[in-house]
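[1] Using only what follows, build the 3D model:
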Amino acid sequence: MMHLKNRYYYITLVSLFLVSSMNILFSLMIKFLVDSLMNQSISDFILYLILLVFSMIILLFFEFVQQFFSKKFINQMGEEVHKGIVDSLILDNGGAQDKMGYLSSISNDIETVKELYFENQLTVAQGIFSLILSIFAIFSLDFLTAIFVLIFSFLPIVIPYIFSKKLTSLQNNISETKAEYTGTLTDFLEGLTIIKNSKSVTKFREILLERYTQVSRRIEARNSLSAFGNTLIGLTFYATTVFILGIGGWQVLNGAVTVGSIVAIYSISSELVSPINQIAAGIGDMNSSKDILHGLMRNVALKQDEELLKDKDIKFFGLTIKNLIFKVNDGTNITYPENVGPIEHHKKYLIKGKNGSGKSTLLEIVIKNKESYSGLIEINGKPLETYGFYQIQHLIAYVPQKPYLFHDTYFNNITLYQTVNEEYLWSLIDIFGLRDRFPDRESLEESYGKGSDLSGGQVQKIGIIRALLQEKQVLFLDESFSAIDRQSSQSIQEYLLSMNELTLLHVSHQDSGLGYDGIIKLDNK
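    Residues are numbered from 1 along each chain as shown. All right, here's what the predicted structure looks like:
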């Protein structure tokens, strides 16, 4: 899944061990201090008081080191989880991902996993160190009292397992409900203009408020169950205190142990009970968040390995599509003609068909954005399945009807952070009629964002330009001229049709097909 063992992790573990050791030593110092008072030895009292202060300073130093590096470790794990989410998003084939689910993961689940899994991982480690050291220390002071303390102290380990399954279910419900709320909120914000203009504005408001209320109710349910479990765990602490005072006091009255020993046992018992509580509660929280962590990191390494094994540099010689049927999520099918194409390299094709005939879907299948199909798709005579996702992405440039522009400079939006031939870039800007909007390099350094003055046609032009700058062998255009005026559309298409080394598939309702090498008509059977 990911490498949890790093230098911050090991430094934190060493610091936790030293903090636990100093806590026990501090408690043992109290024994000698109390016994010196009972013996009325001023010199011993001053000596142990000085040692107590000295051990306290060392304890605080190790405590600072432990907290400093534990935060570094937890934050680094948060970065690893975030990296895993991004890698999953990139390596998942195509555009059918649940984007709202990823948004929820990034905004909500990372912090949940950091708090409930990685932080508790360190808490459990600290509890184990303190538990082992406390057992040795308490047995060295009085065997009989130690037996009773241990029996009561280990009861909290059972309690979290009673609630573990229910807490895990509640935590998963919280994550799912947050994802639903995030999706509803995103829809609400993006569609706010439509919502305000509709007669259903009150209904949209009610739905949004109800989704948030559902999140709150599930969090309340988890917190209530957790509070009940923690109360039962706390009960064992008070019971242990009563046993120490009762049995230990009886031992003092019988002369078996000193008063200092009982005081030290009482002090160390907190180092015994507390770690058991930490271990029990920590294991419960880790189990409740484990499913979320595994969901965030699903098969990233495996996908990366599969992609790295494939050679991305392949040459395109032809595309064949036969007996293709695409299975739509609603249970219906899109059935294509028995033969689509063949598509030859360096040729230009116009794809036409009625609404619902699967024109856009066909392009997305070929670029591996959609996979639920039957039939034969071959590139260079080899089945599409034999090619890796990124092999196809390096081969084919795809421009959707509504290209997305990032909140960045226009230059970065056009180049996608790649080094490009700027002379070629400016020639494309001229050919596509964007020189009035971008007269110089300074204008390209302006940032795109809310309030930007680009028209829909200008956005489509930028989408096609940046696809051409990728210099791929095949170009797919999906209604990419729908917002461009007729004159500009004609001149741009003439340029594309003149590119001898480019294979072009253009989905369009408007164009007649003049100048194309072939017209592919998609009429459902």
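[2] Doesn't Leu477 lie inside a strand?
    Yes. Counting by DSSP: H, G, I helix; E, B strand; the rest coil, Leu477 is part of a strand.
[3] How about the contacts made by it?
    Val399, Ile464, Leu504, Leu505, His506, Val507, Ser508 (CB atoms under 8 Å, 6 or more residues apart in numbering). All C-beta atoms are positioned from the backbone trio N, CA, C, and that covers glycine.
[4] could you redo these as TSV and give each row neighbour count, secondary structure and distance to Arg211?
    Formatted as TSV, the contacts of Leu477 follow (neighbours: other CB atoms under 10 Å; DSSP: H, G, I helix; E, B strand; the rest coil; distance: CB to CB, whole Å):
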residue	neighbour count	secondary structure	distance to Arg211
Val399	23	strand	35
Ile464	22	helix	39
Leu504	20	strand	45
Leu505	25	strand	41
His506	25	strand	41
Val507	24	strand	37
Ser508	19	coil	40
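[5] can you redo those residues as TSV with distance to Tyr516 and pLDDT?
    Output for the contacts of Leu477, formatted as TSV (distance: CB to CB, whole Å; pLDDT from 0 to 100):
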residue	distance to Tyr516	pLDDT
Val399	17	94
Ile464	16	97
Leu504	8	97
Leu505	10	96
His506	8	96
Val507	12	94
Ser508	10	90
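[6] between those residues, which is nearest Lys322?
    Nearest to Lys322 among these: Leu505, at 16.6 Å, using CB to CB.
[7] Do a quick rundown of the strands in the stretch 351-500 of the chain.
    With DSSP state E, counting those that start in this stretch as the criterion, the stretch 351-500 of the chain has strands at 373-379, 382-383, 396-399, 474-478.
[8] Geometric centre of the protein: which residue is closest?
    Geometric centre of the chain, nearest residue: Ile85, 3.6 Å, by CA atoms, centre = their mean.
[9] what separates that one from Val113, distance-wise?
    11 Å (CB to CB, to the nearest Å).
[10] And Thr241, how close does it get to Val149?
    10 Å.
[11] contacting residues for Val420?
    Leu469.
[12] Phi, psi for it please.
    Per-residue torsions, Val420: phi -130, psi 160 (degrees, to the nearest 10).
[13] returning to that earlier point: compute the distance between the residue nearest to the centre of the chain and Asn323, please.
    Distance from Ile85 to Asn323, by CB to CB: 38 Å.
[14] repeat for Ile429
    43 Å.
[15] the more surrounded of those two?
    Between Ile429 and Asn323, Ile429 has the larger neighbour count (other CB atoms under 10 Å), namely 20 against 14.
[16] Now do the contacts for that one.
    Arg435, Phe438, Ile465.
[17] ok, the first one - contacts?
    In this structure, Arg435 makes contact with Ile429, judged by CB under 8 Å, 6+ apart.
[18] Longest strand in this protein, please.
    strand 318-327 (DSSP state E).
[19] Mind giving me the packing neighbours of it?
    Packed against strand 318-327, as judged by 3 or more CB pairs under 8 Å, 6 or more residues apart in numbering; DSSP states H and E, are the following elements: strand 333-335, strand 339-344, helix 359-366, strand 373-379.
[20] which stretch among those comes nearest Val215?
    helix 359-366 (33.6 Å).
[21] Please work out the angle formed by the directions of the closest one and strand 339-344.
    In terms of direction (axes from the mean of the first three to the mean of the last three CA atoms, to 10 degrees), helix 359-366 departs from strand 339-344 by 60 degrees.
[22] change the start of the numbering to 485 and stick with it
    Happy to do that; since the first residue is 485 now, the last one works out to helix 843-850.
[23] quick check: mean pLDDT across helix 843-850?
    Averaged over helix 843-850, pLDDT sits at 94.
[24] list the helices and strands that helix packs on?
    Contacts defined by 3+ CB pairs under 8 Å, 6+ apart place helix 843-850 against strand 802-811, strand 832-837, strand 857-863, strand 958-962, strand 987-991.
[25] where are the low-confidence patches of the stretch 685-834 of the chain?
    Applying pLDDT under 70 to the stretch 685-834 of the chain flags the ranges 721, 754-758, 760-761, 775-776, 779-796.
[26] Would you map the helices across the stretch 885-1009 of the chain?
    894-899, 906-915, 925-928, 940-953, 970-981 (DSSP state H, counting those that start in this stretch).
[27] Next, give phi and psi for the nearest residue to Ile818 once chain neighbours are set aside.
    Of all residues not flanking Ile818 in the chain, Gly842 sits nearest, at 3.9 Å (CB to CB, 6 or more residues apart in numbering). Main-chain torsions, Gly842, degrees, to the nearest 10: phi 90, psi 30.
[28] close enough to count as contact, Gly842 and Ile1004?
    No. In this structure Gly842 lies outside contact range of Ile1004 using CB atoms under 8 Å: 11.5 Å.
[29] if we can go back for a sec, compile the helices and strands packed on helix 843-850 into TSV and extend it with columns for distance to Phe627.
    TSV is the format used below for those (distance: least, CB to CB, whole Å):
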stretch	distance to Phe627
strand 802-811	72
strand 832-837	86
strand 857-863	73
strand 958-962	79
strand 987-991	84
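[30] Relative to Leu900, which of those is closest?
    The nearest among the helices and strands packed on helix 843-850, by CB to CB, is strand 958-962 at 15.3 Å.
[31] rewinding a little: between Thr725 and Val633, which contacts overlap?
    Joint contacts of Thr725 and Val633 (CB under 8 Å, 6+ apart) are Ser753.
[32] Compare those two and say which is more crowded by neighbours.
    Counted by other CB under 10 Å, Thr725 and Val633 do not tie: Val633 has more neighbours, with 27 against 16.
[33] which SS state does that one fall under?
    Applying three-state DSSP to Val633 yields a three-state assignment of helix.
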